[in-house]
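> can you look at this prediction? I've put the sequence above it.
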Amino acid sequence: MAANILKNRHVLGWLQAAPLALVLVGFLLAPIVMIVIVSFWGATEFSIYPAFLWDNYEFLFGSPVTYKVFWATFKYAFITWALTLSIGFTVAYFLAFHVRSLTVQIALFLICTIPFWTSNIIRMISWIPFLGRNGIANQTLISWGVIDEPLEWLLYSDFSVILAFVHLYTLFMVVPIFNTMMRIDKSLLEAARDNGASGFQTLVHVIVPLTKPGIMIGTIFVVTLVMGDFITVRFMSGSQRANVGRLISNDIALLQYPSAAATAVVLLCTVLIVIAILLRFVNIRKEL
Amino acid sequence: MRTGYDLELVHVTKRYGNTVAVRDLNHVFAPGSYVCLLGPSGCGKSSTLRMIAGHEDVSDGSILLDGQDVSTLAPAQRGTAMMFQNYALFPHLSVRDNVAFSLRMKGVDKVTRHKKADELLELVDMTRLADRLPAQLSGGQQQRVALARALVTQPKVLLLDEPLSALDPFLRIRMRAELKKLQRELGITFIHVTHGQDEALALADEIVVMNNAVIEQAGPARAVWATPVTEFVARFIGGHNVIALEGGKATVRADAVTLADQGMAATVTAVEYQGASVAVTTLTEGGDEVLALMPEEQFFTSPKSPGDAVKLAWDEGRLHRLRA
């Protein structure tokens, strides 16, 4: 009897799909559903209670702080995206088209990953002695006579936040772009040259269009990472700047879970909308 | 005749480090002819083509086109165009935009370049697929697009790097007829690299056989086939027997060899029925393998089996000596 049930191909199919489905339900869907439910709960100064209230969303959308913080989040995401893209594209281009030997390519690629041998936090914090008021950067610039007094904006500013983001996330741009570039048939570049394209024209008319899927995947990585981040903003701005992630973490610190959940839901929707817009532009399916 | 778009190689040499890929090539390609560079892989034929195209630097020597030294010019300024082995069509551009690519690079406006591209597509009979992407085309269709793209630059010399090797045998025969027809219509020089001797014989006005970085023999297709000058050419071109005789090696065509009452003693090793003819492989006492390609009726008047002793005969006039 049991053996017969197992032989039924529908049962077998469901069984094969079950492990992944269970993992996704348990670790992705259920927590999100939970957050959505909690975002409608009520809260007092000292307790939270189950309910179905729009208070959290009303407060969120009624507060000017929300818009400011979302604006700051977009700003960080956009500037970081622009910088990681230009650096990432250049590095990937160099690796894919200028380095001829595969061994050197692999070696240089591994060098790119060296920063990832330490944790995020350590990589972030190591900027502090470098950028600080009496840090290496300021001291060097003063000793060269470039500046007379220390630059204040080096640390605990938008500059340092974005610098840390770029440092942390450029590799997420390099890898997918490099991967796409390696799949470009080298004879296409020769064909472009044969057809009279200059180096720059080849870049614009052949390499960039063919690299778009990689650029898009890198963009999704960087945008979602930056929009969901809170720790980098906190450390590198010395708690003087805010983004949505920090809004949520502050609410949690104050045990305002329903409010935090509401902000999280809005952030999740925002990120999903951004990705949906990005996917309208480029079809990444053939890269996956 | 030294007129028109003459292409001349003068002491052309290509070195990669210590290896010599092409050694001191001298050759004049007659204008408006279909030339096949024939040779085994690694003989330097592709390097030669790529040097003419400008995709490899010339280590020594020069390449003259139409009286001008083009060996240091960029590929697009030479008056040559190349058709790549895998066609190298831009996958993100439609057929029409692929053909119009070089015009776009020159800054020709969209209407003009599309009109020109459509003319070329008309020439290769691809007008109705002009809006497709390369991935939506068959191999033969892709090749036509690649041809149109190469020809849109109005080259004096079209360079084809093993253009038929990616096609299936049936399509290969059809496309080679089209290549030949196109060349005759356009009247420009085609230089076609191939390792297939049947392809070379079918297409070429002139065959240039290369081996070990040098030209072994160059000449009209019939001359190369009728009188191979070296053992390599005789063996590579096929259909020839190389026999060691006193005073050097000689070659005789397989279809000139018959089994007779008198002649060179040999033993039959294999018999293969091929329809109109029968291929009899024999081993001479000297240790040479000799193939006799005999008409069917002639063989079956006195059939032989492997192991039989036979005498090989040919007209003296059909035998000719090879250069050592």
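That came through fine. Numbers count the residues shown, from 1 in each chain, chains lettered A, B, ... in the order given.
> and for residue A:211, the neighbour number?
Here the number of neighbours of residue A:211 (other Cβ atoms under 10 Å in any protein chain shown) works out to 24. For every residue, glycine as well, the C-beta is placed using N, CA and C.
> alpha carbons of stretch B:59-76, in CSV - could you do that?
Below are the C-alpha coordinates for stretch B:59-76, written out as CSV (Å, rounded to 0.1, in the frame of the first residue of the first chain):
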residue,chain,number,x,y,z
SER,B,59,56.7,40.4,-37.5
ASP,B,60,58.7,41.1,-40.7
GLY,B,61,57.9,42.0,-44.3
SER,B,62,55.0,43.9,-45.7
ILE,B,63,51.6,43.4,-47.2
LEU,B,64,50.8,45.5,-50.3
LEU,B,65,47.3,46.2,-51.4
ASP,B,66,46.7,48.2,-54.5
GLY,B,67,50.2,49.4,-54.5
GLN,B,68,50.1,50.7,-50.9
ASP,B,69,51.8,49.1,-47.9
VAL,B,70,48.9,48.3,-45.5
SER,B,71,50.8,46.2,-43.0
THR,B,72,50.7,48.9,-40.3
LEU,B,73,47.1,50.2,-41.0
ALA,B,74,44.1,49.5,-38.8
PRO,B,75,41.9,46.6,-40.1
ALA,B,76,39.2,49.0,-41.3
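> list of residues touching the strand or helix carrying residue B:272?
Using DSSP states H and E, residue B:272 sits in strand B:264-273. Residues from elsewhere that reach strand B:264-273 (Cβ atoms under 8 Å, 6 or more residues apart in numbering or on different chains): B:243, B:278-285, B:289-290, B:296, B:303-313.
> direction included, what does it pair against?
According to DSSP bridges, strand B:264-273 forms sheet pairs with strand B:277-284 (antiparallel), strand B:309-313 (antiparallel).
> circling back: emit the PyMOL select command for whichever of the contacts of strand B:264-273 are buried.
Provided next is the PyMOL selection string for whichever of those are buried by 16 or more other Cβ atoms under 10 Å in any protein chain shown:
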select buried, chain B and resi 243+278+279+280+281+282+284+290+304+308+310+312
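> skip the chain neighbours and tell me the closest residue to residue B:25.
Distance criterion Cβ to Cβ, 6 or more residues apart in numbering or on different chains; nearest residue to residue B:25, sequence neighbours excluded, is residue B:12 at 4.3 Å.
> where does that neighbour fall, phi/psi-wise?
Here is the backbone geometry of residue B:12 (degrees, to the nearest 10): phi -80, psi 130.
> how far away is it from chain A?
Distance, residue B:12 to chain A, using Cβ to the nearest Cβ, to the nearest Å: 19 Å.
> export the strand holding residue B:272 to CSV, keeping only CA atoms.
Only the C-alpha atoms of strand B:264-273 are listed here, as CSV (Å, rounded to 0.1, in the frame of the first residue of the first chain):
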residue,chain,number,x,y,z
MET,B,264,55.2,-3.4,-60.2
ALA,B,265,54.5,-6.4,-57.9
ALA,B,266,52.2,-5.8,-55.0
THR,B,267,49.8,-7.5,-52.7
VAL,B,268,46.1,-6.6,-52.3
THR,B,269,45.3,-5.5,-48.7
ALA,B,270,41.8,-4.2,-49.1
VAL,B,271,39.0,-3.9,-51.7
GLU,B,272,36.3,-1.4,-51.4
TYR,B,273,33.3,-1.2,-53.7
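> that strand: how far from the chain's middle?
32 Å (Cα atoms, centre = their mean, to the nearest Å).
> buried residues in it?
B:264, B:266, B:268, B:271.
> among these, which has the minimum pLDDT value?
The lowest pLDDT within these belongs to residue B:264, which sits at 85.
> which strand residues bridge that residue?
Applying DSSP bridges, one finds that residue B:264 bridges with residue B:312.
> run through chain A and note the low-pLDDT ranges.
A:1-3, A:6, A:284-288 (pLDDT under 70).
> tell me the residues of it that contact chain B?
A:185, A:187-188, A:190-198, A:201, A:205-206, A:209-210 (Cβ under 8 Å from any Cβ of the partner chain).
> export the buried residues of strand B:264-273 to CSV and tack on distance to residue B:154?
Putting the buried residues of strand B:264-273 into CSV (distance: Cβ to Cβ, whole Å) gives the following:
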residue, distance to residue B:154
B:264, 56
B:266, 57
B:268, 58
B:271, 55
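> out of these, flag the one nearest to residue B:318.
Comparing those against residue B:318 with Cβ to Cβ places residue B:264 closest, at 13.5 Å.
> and the gap between the closest one and chain A?
For residue B:264, the distance to chain A (Cβ to the nearest Cβ) stands at 51 Å.
> now residue B:303
53 Å.
> what's opposite the nearest residue to that residue once chain neighbours are set aside in the beta bridge?
Nearest non-adjacent residue to residue B:303, counting by Cβ to Cβ, 6+ apart: residue B:271, 8.0 Å away. Beta bridges link residue B:271 to residue B:280, judged by DSSP bridges.
> list the contacts of residue A:121.
Residue A:121 neighbours (Cβ under 8 Å, 6+ apart): A:231, A:235.
> next, give phi and psi for it.
The phi/psi pair for residue A:121 (degrees, to the nearest 10) is phi -60, psi -40.
> for residue B:14, which residues make a bridge with it?
Beta-bridge partners, per DSSP bridges, of residue B:14: residue B:22.
> can you get me a residue count around it?
With other Cβ under 10 Å as criterion, residue B:14 counts 22.
> all helices of the stretch 1-150 of chain A, in order?
Using DSSP state H, counting those that start in this stretch, the helices of the stretch 1-150 of chain A run over A:2-7, A:9-24, A:30-38, A:55-62, A:64-93, A:102-113, A:120-125, A:127-131, A:136-144.
> for the stretch 201-324 of chain B, that is, sorry about that
Using DSSP H, counting those that start in this stretch, helices in the stretch 201-324 of chain B cover B:221-226, B:231-237, B:296-301.
> just those: most buried one?
For the helices of the stretch 201-324 of chain B, the largest average neighbour count (mean count of other Cβ atoms under 10 Å in any protein chain shown) is found in helix B:231-237, namely a mean of 20.
> packing partners for that helix?
helix B:197-203, strand B:206-211, strand B:214-220, helix B:221-226, strand B:240-245, strand B:248-253 (3 or more Cβ pairs under 8 Å, 6 or more residues apart in numbering or on different chains; DSSP states H and E).
> how about it as CSV, C-alpha atoms only?
This file holds the C-alpha atoms of helix B:231-237, laid out as CSV (Å, rounded to 0.1, in the frame of the first residue of the first chain):
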residue,chain,number,x,y,z
GLU,B,231,55.1,14.6,-51.3
PHE,B,232,53.2,16.7,-48.8
VAL,B,233,51.0,18.3,-51.5
ALA,B,234,50.5,14.9,-53.2
ARG,B,235,49.3,13.3,-50.0
PHE,B,236,47.3,16.3,-48.7
ILE,B,237,45.4,17.0,-51.9
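> gap between residue B:132 and chain A?
Residue B:132 sits 17 Å away from chain A, going by Cβ to the nearest Cβ.
> for that residue, which non-adjacent residue is spatially closest?
Of all residues not flanking residue B:132 in the chain, residue B:95 sits nearest, at 5.5 Å (Cβ to Cβ, 6+ apart).
> now the one you found: how far from residue A:206?
Distance from residue B:95 to residue A:206, counting by Cβ to Cβ, to the nearest Å: 16 Å.
> pick out whichever of those two has more residues nearby.
Set residue B:95 next to residue A:206 and count neighbours by other Cβ under 10 Å: residue B:95 wins out with 26 against 23.
> tell me if I'm right that the more buried one and residue B:124 touch.
No. Look at residue B:95 against residue B:124 with Cβ atoms under 8 Å: they stay out of range, at 10.2 Å.
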